[in-house]
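**Q** Kindly return the folded structure for what I paste below:
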Amino acid sequence: MGDNIKPHSSYRWVILAITCLATFIGCYAQFQIPSLAYKLIPDLNLTPSQYASILSAPMLPSIFFSIAVGALADRFGVKRVVTVGFLFAIVGITFRFTAKNYWQMLILMAMAGCSSAFLNANISKLLGAWFPPEKIGSAMGVVLASATGAMAIGTATSAMFPSMKSAFITAGVICAVIAALWVLFMKDKPEGAPDLPAMPVINYLGVAVRSRSIWLVGFAMMFIMGAMMAFSGFLPNALYAVRGIDPVKAGFIASLGTIGGFAGSILGPVICDRLGYMKPFLITAALLSAAGMFYAWQTPLGAIMWVLFIINGFMNASISPMLMSFPMLLPEIGPVYAGSAGGLIATMQLIGAFCIPTFVIAPLAGTNFKLMFGLAAMCYLLAAVVFLFLPELGIKARCKTAAGSSRTA
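**A** This next block holds a predicted model:
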């Protein structure tokens, strides 16, 4: 694959830039909500569980459609599938200001997540078509950094808008512009690259479902996303309600974690590649994330809290790029089945993002934020356990496997 893309490598940066923009807008729209919670919760008379479900609602399309859109992308291409997602996202993001009750907002937020959901299911397939295997993790990190940046900008700036209506319409206009760029400039693969074999959709799914490693990655992402959504979704309100910080400042402090996350998304894969082994890095990052998630918000206001949020964000975000690159790195999956495998992972990931905060953490913790963030930290500990059973796909391990195969041949 690497050889195929070398003559066309310059355009991969256009692909990466558009993918980053497409990822950005979904996360930006979603993370407008935490900073507007102090308005949204009383306006719609939301319970903690209802608020958690609204924040997580953009994940619903992934839960219900990721496997299908992954298989469809294997058959028809990523560009077409994600374009359909953008049509729903533009409507959902723009018209959230019209919601008068919980159910209306839930539906609009779910529509807002369609483009991100459809892209997330196929991100490994798309980047794998343009980048060689040793660069997929780094490219994935850049894309996830754009998501982290979107979370920071959405959390830090949304309370500055004069109204929720203006905040939501602005996001809708940005989404429409990015959708136009996607349609005009996105390509599924480099020109001249060989076409992948076309098969019935069920065949793609069958191979992905039989992969033990794909299921393990899915469970790990499920725990991680559940923890991250609970933490990031409730943190501004916790700082406001428990620590007595005004909403704008609370949104800014909460966004500090995403600054660390931006760096972690990019540097995490680089550090992991330097180490050469993926599993020790993943386990260490998960353990440190659990500790930071539980303790950082309880520290004294000031520099200590700020630094801990940044470090915690770095460790949180350094994990996902490696996990999301698994479909293209696994020998039994590769480019042919990466869409279906990515769809299965995305489904489990977003089940965690929606169900764990909404039906586990929020009902158990209520407004007890110490318990809430303790449960979120426990999810990271569970992810660390799952990492123990993953195959080692670090660079050194892959080189040893390749060398062994050469000697056998």
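**Q** going forward, measure contacts between C-alpha atoms and count neighbours the same way
**A** Fine.
**Q** shaky segments in the stretch 1-150 of the chain?
**A** Low-confidence segments of the stretch 1-150 of the chain (pLDDT under 70): 1-9, 134.
**Q** all helices for it, in order.
**A** 2-5, 12-30, 37-44, 48-56, 60-76, 78-94, 102-112, 114-130, 133-157 (DSSP state H, counting those that start in this stretch).
**Q** helices or strands up against the fifth one?
**A** Looking back up the chat, that one is helix 60-76. If you count contacts as 3 or more CA pairs under 8 Å, 6 or more residues apart in numbering; DSSP states H and E, helix 60-76 packs onto helix 78-94, helix 102-112, helix 114-130, helix 201-209, helix 334-355.
**Q** any idea how far Leu235 is from Phe118?
**A** For Phe118, the distance to Leu235 (CA to CA, to the nearest Å) stands at 28 Å.
**Q** neighbour-wise, which of these two wins?
**A** Remark: of Phe118 and Leu235, Phe118 carries more neighbours, 29 against 23, as counted by other CA atoms under 10 Å.
**Q** which non-adjacent residue is nearest the more buried one?
**A** Val82 (5.4 Å; CA to CA, 6 or more residues apart in numbering).
**Q** need the helices and strands packed on helix 60-76 in TSV with distance to Ala362, can you?
**A** Converted to TSV, the helices and strands packed on helix 60-76 look like this (distance: least, CA to CA, whole Å):
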stretch	distance to Ala362
helix 78-94	25
helix 102-112	17
helix 114-130	23
helix 201-209	31
helix 334-355	10
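**Q** Of those helices, which is nearest Ile361?
**A** Among the helices and strands packed on helix 60-76, the nearest to Ile361 by CA to CA is helix 334-355 (8.9 Å).
**Q** Could you give the average pLDDT over that closest one?
**A** For helix 334-355, mean pLDDT is 79.
**Q** Give the next helix or strand downstream of it.
**A** helix 362-365 (DSSP states H and E).
**Q** Identify the residues contacting the helix or strand just after that next one?
**A** Scanning forward in sequence from helix 362-365 by DSSP H and E, the next helix or strand is helix 369-387. Contacts of helix 369-387 with the rest of the structure, by CA atoms under 8 Å, 6 or more residues apart in numbering, involve 216, 219-221, 223-224, 226-228, 230-231, 238, 279, 282-284, 286-287, 289-291, 293-294, 361-362, 364-366.
**Q** tell me which residues in helix 369-387 are buried?
**A** Buried residues in helix 369-387, counted by 16 or more other CA atoms under 10 Å: 369-384, 386-387.
**Q** before we move on, what about stretch 281-288?
**A** 281-283, 285-288.
**Q** Restricted to helices, list those residues.
**A** Residues of those located in helices (DSSP state H): 281-283, 285-288.
**Q** Mind putting those residues into CSV with pLDDT and distance to Phe309?
**A** Compiled in CSV, these are given as follows (pLDDT from 0 to 100; distance: CA to CA, whole Å):
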residue, pLDDT, distance to Phe309
Phe281, 93, 20
Leu282, 95, 19
Ile283, 95, 19
Ala285, 94, 14
Ala286, 95, 15
Leu287, 95, 15
Leu288, 94, 12
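**Q** if we take these, which one ends up nearest to Gly264?
**A** Ala285 (10.3 Å).
**Q** wait, what's in contact with the closest one?
**A** So Ala285 contacts 315-316, 318-319 (CA under 8 Å, 6+ apart).
**Q** With respect to Ile63, which of the residues you listed is nearest?
**A** Nearest member of the contacts of Ala285 to Ile63, counting by CA to CA, is Ile319, at 21.0 Å.
**Q** so that closest one sits right up against Leu267, yeah?
**A** No - using CA atoms under 8 Å as the test, Ile319 is too far from Leu267 to be in contact (10.6 Å).
**Q** Pick out whichever of these two has more residues nearby.
**A** Ile319 (27 against 19).
**Q** Could you measure from Lys79 over to Phe95?
**A** From Lys79 over to Phe95 the distance is 25 Å, taken as CA to CA.
**Q** what's near enough to touch the closest residue to Met225 other than its chain neighbours?
**A** Leaving out its chain neighbours, the residue that sits closest to Met225 by CA to CA, 6+ apart is Ala353, at 4.7 Å. Contacts for Ala353 (CA under 8 Å, 6+ apart) come out as 56, 59, 222-223, 225-229.
**Q** what do you get if the cut-off is 7 Å, keeping everything else the same?
**A** Ala353 makes contact with 56, 59, 222, 225-226, 229 under the criterion CA atoms under 7 Å, 6 or more residues apart in numbering.
**Q** Equivalent analysis for Gly342, please.
**A** 70, 121-122, 124, 327.
**Q** ok, so of the residues you listed, who is nearest Ala37?
**A** Each of these was checked against Ala37 using CA to CA; the closest is Ala121, at 28.6 Å.
**Q** Measure how buried the closest one is and give me the count.
**A** Neighbour number of Ala121 under other CA under 10 Å is 33.
**Q** What separation do you get for it and Ile356?
**A** 20 Å.
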